[in-house]
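>>> what shape does this take:
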Amino acid sequence: LRDVRRPVYDTLMAEQLEKAVIQHGKGDLGALLAGNDTWTVVG
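From the prediction side, this is the model:
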């Protein structure tokens with residue numbers, strides 16, 4: 001056995017989300033839902 005220090009998933013995910021917000025801004029869920037970019041599901 002060996003002791004290896006690695007970051008946990010939660011820490012890596014939080015860092016990735018913070019980086020995305022810094023690069024792209026916080027975003028607007030209301031604008032996304034009211035937007036014109038829609039999908040049609042056929043089946």
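>>> kindly provide the distance from the closest residue to residue 27 other than its chain neighbours to residue 42.
Leaving aside its chain neighbours, residue 27 sits nearest to residue 21 (7.9 Å; criterion: CB to CB, 6 or more residues apart in numbering). For glycine as for every other residue, the C-beta is placed from the backbone atoms N, C-alpha and C. Taking CB to CB, to the nearest Å as the measure, residue 21 falls 35 Å from residue 42.
>>> of those two, who's got more company?
residue 21 (11 against 4; other CB atoms under 10 Å).
>>> so that one, which of the three states?
Under DSSP: H, G, I helix; E, B strand; the rest coil, residue 21 falls in the helix class.
>>> next: residue 11.
Taking three-state DSSP, the label given to residue 11 is helix.
>>> what's the neighbour count on it?
With other CB under 10 Å as criterion, residue 11 counts 10.
>>> then residue 43?
Neighbours of residue 43 (other CB under 10 Å): 2.
>>> so what's it scoring on pLDDT?
The model reports residue 43 with a pLDDT of 83.
>>> and it, how far is that from residue 19?
In terms of CB to CB, residue 43 sits 37 Å off from residue 19.
>>> need the phi and psi values for residue 39.
Main-chain torsions, residue 39, degrees, to the nearest 10: phi -120, psi 150.
>>> okay, helices next: where are they in this protein?
Here the chain has its helices, by DSSP state H, at 9-24, 29-34.
>>> where are the low-confidence patches of this protein?
Along the chain, no part satisfies pLDDT under 70.
>>> would you point out which residue is most central in it?
residue 17 (5.3 Å; CA atoms, centre = their mean).
>>> deepest-packed of the helices of the chain, please.
Comparing those by mean neighbour count (mean count of other CB atoms under 10 Å), helix 9-24 comes out on top with a mean of 10.
>>> that concludes my questions; thank you for your assistance.
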